[in-house]
Structure formats: C-alpha cells, structure tokens
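Asks: need a structure here:
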Amino acid sequence: MLKKILAQLNIFAQCRRYGFSLWRCPQFLFLVMGGVIVLTSIISYLIGTRYITDPEIVSLIILVINTILFIIAFVMTQSFERLAEASRMKSEFINIISHQLRSPLTNIKWTFELLTSKEIEMPSGKVEEYLNNVKENIARMVELIDNLLIISKIEQGTFPVLKKETSLENLIKKQVSRYKVFAEASHIELNFYPKKNLPEVFTDPSLLKLVVENLIDNAIRYTKGRGEVKIGLERREKNLLFKIKDSGVGISKKEQRYIFQKFFRAENILKERTKGSGLGLYVCKSIIEKLGGKIWFESKEGKGTTFYFTLPIK
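Replies: Residues are numbered from 1 along each chain as shown. Below is the predicted model:
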C-alpha cells in the first residue's frame, strides 16, 4: 500500500507512464495549479489587508477564492488524467494486439501457402494436421479478442451486469461435463464435490460462466501428465465458496503477486509452452469483483495451485 502511494507521488514516473512531457502530464499540471493557488492566496491576503480592515472578511475571501480554484484545478486534472489514461490504454492495446496476433496470423499465412503451393506435394495425412493448426490459431485469436473486449468494457464501466437467481452448483456441473472430454484426453481426472442443500446466488450467470470456464481450462492445461483437478463448492456464512485445486506446475513465490495482472504469464508456464494470452485471470478477477465477490489463490511451485472465489448469496 505504501509503495503504491509513493508511486502515485512520483510525478516524473507517472508522466513517463503516460508517455507525456511534463507540461502535458496531469500530475504535474495539478502541482502547478497548487502553486498558482498558493500564490493567489498570498496576493489575495496582501491586497485584502491593504484595502479591507476586517481580518475575518479577508480570510473568508481568501478561503472562497482558494476553494473555487482548487475545485477548478481538481476537475481539470481529473479530465486530463482520464484522457491520458485513455491514450495509454489505446497504445497498450495496439502494442499487445500487434504482438499477440502476429504469431497466429503468421502460422495461418504459412500454412495456407503450403497448402496452396503448386511446387510442394503435400502428403494426404498432413493436410488434416495443418487444417487443425489453422483452426487452433483462429480459436486463439477469437479468445484473445473476446477477452480484450471484455476488459475494455469493464475498465470503461460499460460492461452490462444482468443479475438473477442462479444455481452456481448447476452452472459448475454443466462446465465440468463440457470439459470432461478435454480432461480425459489429457489423462486428467476432473471431479466436482459440492456440499448438499446449497442456496442460489443473485448474480450474472453469463459472466460467472466465463470465470468458471477460465479456471477449469487453466487447471487442466497447467496439469502436466496424469493428475487430478478437484472442484468444491460450499457455504461460508453469507457467501458461497468455490475452489478448484490442480496438481500442476504451480506458481513460484516471486511471481505470485503478478498473477492477476494483464498479459502476465509465469516463467514455468512459458517453459512448458502452454498456449495462452495472460488475460484469463485478469478477466476472472475483474468479473468476480464486479459481482461483489473476492478471488484469491494458494500455490506452491511443482505442487499445484488452488484458486478460490466467493459470491454473496443475497
């Protein structure tokens, strides 16, 4: 918390973050406005004491002027900061899109060039393999774009939330049934252990489905070799507690604080060459918090990871 506050007070670092010069940087402009307010206060005091005999009236005039100037400065700075943040996000979006989409697009391009080449005779068994590769890369791009759209809407506050009474148990059962084939193909047991007589939650089932999908998909993908993914659901006071435990690669202690950041992927995951954009957990955290819940995890490298989230029953 202290580091975050100190980072906010570092004006030069904030300006570099936005990529702006000092005179275009919101934090620096706010500092300049503060100096203007102080200077105005001194001038107002000197003029007031010279032409107004009552010190209380002088103080009141200075207070009113300072308040007006402070409000103007605050509103202007907030506006500039929103514009600066929008500009930074736009640049970040373009950089990430160009980087993340380049690889699958290149794969698709080369695959089609091979398939349509008249100079290379393609073995019949390879055609299906290459087409499956194209299919996987297209799915990867669609997933990336969907996640980016969700993130954009959440950060802009325009993501619709349509809450209704929802059986979290039934929602999880459907996703477990859907992912069973994927898990079995990876030699992984996928099991769900709900407690009895669980109440419904008042939430958005479509958003919650995205969270459960992401967590199950991650748990299966990051469990190498034979293993088990166990999902639990129980009541904890006024909340429902969801947990999913895998026996996978785990997350190193030094990287655990970054796990919910956008585009972050742990080193051991990159070594395994597991496909992903690094957006899934950021999306999960954003959605759960928007639905009034909390999400966290416990992990030990090489031993597996357990993710938890809670949702209020009412």
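Asks: show the subsequent helix or strand relative to the helix or strand G125 falls within.
Replies: Using DSSP states H and E, the element containing G125 is helix 124-156. The first helix or strand that comes after helix 124-156 along the chain, using DSSP H and E, is strand 164-166.
Asks: list the buried residues for the following helix or strand past that next one?
Replies: As assigned by DSSP H and E, the chain's next helix or strand after strand 164-166 is helix 168-185. Within helix 168-185, the residues scored as buried using 16 or more other Cβ atoms under 10 Å are L168, E169, L171, I172, Q175, V176, Y179, A183. (Glycine included, C-beta is placed from N, CA and C.)
Asks: between those residues, which sits nearest G302?
Replies: Nearest to G302, judged by Cβ to Cβ, of the buried residues of helix 168-185 is A183 at 20.7 Å.
Asks: quick check: chain neighbours aside, which residue is closest to the closest one?
Replies: L190 (3.9 Å; Cβ to Cβ, 6 or more residues apart in numbering).
Asks: the one you found in helix, strand or coil?
Replies: What DSSP: H, G, I helix; E, B strand; the rest coil gives for L190 is strand.
Asks: going forward can the numbers begin at 32, since that is how I track them
Replies: All right, first residue 32 from here; so that's L221.
Asks: what distance do you get for it to Y339?
Replies: The gap separating L221 from Y339 is 18 Å, by Cβ to Cβ, to the nearest Å.
Asks: with V63 instead?
Replies: 46 Å.
Asks: of these two, which one has the most company?
Replies: Taking other Cβ atoms under 10 Å, V63 and Y339 do not tie; Y339 has more neighbours (18 against 15).
Asks: let's verify that one: helix, strand, or coil?
Replies: Y339 - assigned by three-state DSSP - is strand.
Asks: that one bridge partners, please.
Replies: Beta bridges link Y339 to K274, W327, judged by DSSP bridges.
Asks: could you chop the chain up by domain?
Replies: 33-119, 129-187, 195-343 (automatic domain parsing).
Asks: got TSV for those, with mean pLDDT too?
Replies: Shown next, in TSV, are these (pLDDT from 0 to 100):
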stretch	mean pLDDT
domain 33-119	67
domain 129-187	75
domain 195-343	86
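Asks: next, the distance between the ends of stretch 217-229.
Replies: By Cα to Cα, to the nearest Å, the extent of stretch 217-229 from end to end equals 31 Å.
Asks: buried residues, that stretch. List them.
Replies: S217, I219, L221, F223, P225, L229.
Asks: quick one: residues in contact with that stretch.
Replies: Under the criterion Cβ atoms under 8 Å, 6 or more residues apart in numbering, residues 199-200, 203-204, 207, 210-211, 214-215, 247, 251, 254, 256-266, 271 lie in contact with stretch 217-229.
Asks: hmm, 7 Å instead?
Replies: With contact meaning Cβ atoms under 7 Å, 6 or more residues apart in numbering, stretch 217-229 is reached by 200, 203-204, 207, 210-211, 214, 251, 254, 256-266, 271.
Asks: now swap in stretch 192-207 and tell me
Replies: With Cβ under 7 Å, 6+ apart, stretch 192-207 has contacts from 221, 223, 225, 229, 231-236, 238-240, 243-244, 247, 262, 264, 271, 321, 342.
Asks: just the ones of the residues you listed in strands?
Replies: L221, F223, P225, V232, F233, T234, I262, L264, L271, L342 (DSSP state E).
Asks: just checking, what packs against the host helix or strand of S72?
Replies: In this structure, S72 sits in helix 57-82 according to DSSP H and E. The contact analysis (3 or more Cβ pairs under 7 Å, 6 or more residues apart in numbering; DSSP states H and E) places helix 57-82 against helix 42-49, helix 86-147.
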